[in-house]
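> sequence and computational prediction follow.
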Amino acid sequence: MTLSVHSSRPGSTLVAVLAAMTVVLLLLGGMLKIGLIGRRQLLKELDARQAECLLEAAADRAAKRLAADPAWSGDARTVAADQITGVGAASVTTSIAAGEGRGPALQIVVDYPAGRTDSVRRERTFPFTPPAAVRSPTSASPPTDPPSLEVSP
């Protein structure tokens, strides 16, 4: 006499395994989606930081240019991707506006990467104070006391 152990429903083990695999696949799909969203967010943050750096560099460039030529009225440039550490070119627009009583103001707009629908746009207005007259090296008097080079123990 042989005893056979069979379940009352054939294929119930298969259904249980398929249900477990479905749950595992749903979990893996959710983890993959979270990873992709995190990656997109990181890349967007990198683009925003690059735009901020470009904005500061454009402000420095514009201040030097305006100090050298008070008649300069601004410009629009495209910075190539190989000139910056980025994935695309940047559009930088600089204009000079009337400041609030103290002098001109630099208005700078940066789009990075330029021409894309998801580009980061940064706009800022910087007050510009013309630099004081710089004395020529021949008219400067030498320092009376040279700086001390002593190192304390």
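In hand now; what should we look at?

> spatially central, which residue of the protein would that be?
R49 (1.8 Å; C-alpha atoms, centre = their mean).

> packing partners of the one helix or strand that one maps to?
Assessed by DSSP states H and E, R49 sits inside helix 12-68. Helices and strands touching helix 12-68, by 3 or more C-beta pairs under 8 Å, 6 or more residues apart in numbering; DSSP states H and E, are strand 90-98, strand 104-112, strand 120-127. Just so you know, the C-beta spots here come from the backbone N, C-alpha and C atoms, and that holds for glycine as well.

> how about 10 Å then?
In terms of contacts (3 or more C-beta pairs under 10 Å, 6 or more residues apart in numbering; DSSP states H and E), helix 12-68 is packed against strand 74-79, strand 90-98, strand 104-112, strand 120-127.

> I'd like to check the angle between that helix and strand 120-127, please.
Put simply, helix 12-68 runs at 30 degrees to strand 120-127, going by axes from the mean of the first three to the mean of the last three C-alpha atoms, to 10 degrees.

> what's the angle from helix 12-68 to strand 74-79?
140 degrees.

> with just CA atoms, put stretch 49-67 into CSV.
C-alpha atoms of stretch 49-67 as CSV (Å, rounded to 0.1, in the frame of the first residue of the first chain):
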residue,chain,number,x,y,z
ARG,A,49,25.0,74.5,-9.6
GLN,A,50,26.7,74.9,-13.0
ALA,A,51,24.3,77.7,-13.8
GLU,A,52,25.1,79.4,-10.5
CYS,A,53,28.9,79.2,-11.3
LEU,A,54,28.3,80.6,-14.7
LEU,A,55,26.2,83.4,-13.2
GLU,A,56,29.1,84.4,-10.8
ALA,A,57,31.7,84.2,-13.6
ALA,A,58,29.5,86.4,-15.9
ALA,A,59,29.2,88.9,-13.1
ASP,A,60,32.9,89.1,-12.6
ARG,A,61,33.5,89.4,-16.3
ALA,A,62,30.9,92.1,-16.7
ALA,A,63,32.2,94.1,-13.7
LYS,A,64,35.8,94.0,-15.2
ARG,A,65,34.5,94.9,-18.7
LEU,A,66,32.3,97.8,-17.3
ALA,A,67,35.2,99.1,-15.2
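
> no further queries at this time; thank you.
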